[in-house]
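Student: okay, predicted coordinates and the sequence, questions at the end:
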Amino acid sequence: MSLTQDRHQIQLEVKNEAQVTFSNMEKEINQLEKSLKGMKKGTEEYLQTSQKIDQAKDRFSKYRKEVDLNQLSYQQR
């Protein structure tokens, strides 16, 4: 395999892995938001779940930025 083919294969694998990770993160956020709807506002459980949602969204945002930066570095090669 040539160097170009190897790079393309690696890019494809990284892209697929990122898509799976994004999907899993979105599922986690959706599940937490769905469970939040059944809770009484102001309770400890509600507050903890809200916090988990915020943390999950923050991880999602950071991961998206990381993936975007990695794609830029591959494109510049």
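Tutor: Received the coordinates, thanks.
Student: how near is L36 to N16?
Tutor: For L36, the distance to N16 (C-beta to C-beta, to the nearest Å) stands at 31 Å. All C-beta atoms are positioned from the backbone trio N, CA, C, and that covers glycine.
Student: which one of these two has more residues nearby?
Tutor: Set side by side, L36 and N16 give different neighbour counts by other C-beta atoms under 10 Å, the larger being at L36 (15 against 10).
Student: surely that one is in contact with I53?
Tutor: Yes - under the contact definition of C-beta atoms under 8 Å, L36 touches I53, with a separation of 6.8 Å.
Student: which other helices and strands does the longest helix along the chain contact?
Tutor: Among all segments of the chain classified by DSSP state H, the helix with the greatest residue count is helix 3-37. Other elements packing on helix 3-37 under the criterion 3 or more C-beta pairs under 8 Å, 6 or more residues apart in numbering; DSSP states H and E are helix 44-75.
Student: quick one: mean pLDDT for the helix it packs on?
Tutor: Helix 44-75 shows a mean pLDDT of 88 in the predicted model.
Student: so is G42 in a helix, a strand, or just coil?
Tutor: coil (DSSP: H, G, I helix; E, B strand; the rest coil).
Student: tally of neighbours for it?
Tutor: Other residues lying near G42 total 7 when counted by other C-beta under 10 Å.
Student: give me the phi and psi angles of it.
Tutor: With angles defined as degrees, to the nearest 10, G42 sits at phi 90, psi -10.
Student: that one and S50, how far apart?
Tutor: Taking C-beta to C-beta as the measure, G42 and S50 are separated by 10 Å.
Student: hey, what's in contact with both of the two?
Tutor: The contact sets of G42 and S50 do not overlap (C-beta atoms under 8 Å, 6 or more residues apart in numbering).
Student: spatially nearest residue to T21, not counting backbone neighbours?
Tutor: The spatially closest residue to T21, leaving aside those adjacent along the chain, is Y63, at 6.5 Å (C-beta to C-beta, 6 or more residues apart in numbering).
Student: from Y46, how far out is V20?
Tutor: V20 sits 30 Å away from Y46, taking C-beta to C-beta as the criterion.
Student: the two - which one has more neighbours?
Tutor: Y46 (15 against 10).
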